[in-house]
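Colleague: Any chance you could fold what I've pasted below:
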Amino acid sequence: MPHTTSETIAERIENLYGQPMAALEAHADSQPAGAMLAALTSSHSDLQFAERNITFQLQRLRELASPEREIGRFEAGHLLDCARRIAESVATRDAHAKTVSAVLASLHRTPAPSTAVDLTTSVPPRPMEPAATHTR
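Modeller: Numbering: from 1, shown residues only. The predicted structure is shown next:
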């Protein structure tokens with residue numbers, strides 16, 4: 001089962017920072033906590049985990065509900081547990097996707113600063129300082 005939500009988020013992060021996710025995650029791990037990149041890569045990892053858990057629990061649910069199996073009390077408890085875990089993981093995935101998407105929508109790439117001096121936007125002159133006066 002493809003994990004399209006996490007893949008879409010990864011592509012958006014890569015486009016924003018102009019590097020592959022592996023390089024961004026390595027860079028974020030070497031930076032102090034609290035950086036935007038670290039928050040984005042952490043949320044992306046949480047999103048991937050939720051999607052993997054959905055896939056795993058769905059596969060387990062299909063095994064437990066297989067037509068060849070008889071569903072007794074023991075299996076019924078496992079069926080309910082799998083369904084509950086799927087619901088929790090879907091809610092987690094959706095929450096992370098919504099939050100990361102909103103953050104990414106508010107961020108934009110800016111062009112790299114040029115090394116040439118732009119004379120059309122010069123720095124305004126400093127205001128004149130008051131003349132020194134002698135007091136006794």
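Colleague: mind checking the longest helix of this structure?
Modeller: helix 73-106 (DSSP state H).
Colleague: list the helices and strands that one packs on?
Modeller: Where contact means 3 or more C-beta pairs under 8 Å, 6 or more residues apart in numbering; DSSP states H and E, helix 73-106 is packed against helix 4-17, helix 36-64. Heads up, the C-betas are built off the backbone N, CA and C, glycines and all.
Colleague: I'd like those helices laid out as CSV, including mean neighbour count.
Modeller: Putting those into CSV (neighbours: other C-beta atoms under 10 Å) gives the following:
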stretch, mean neighbour count
helix 4-17, 17
helix 36-64, 17
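Colleague: would you list those helices in TSV and tack on distance to V100?
Modeller: TSV is the format used below for the helices and strands packed on helix 73-106 (distance: least, C-beta to C-beta, whole Å):
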stretch	distance to V100
helix 4-17	5
helix 36-64	5
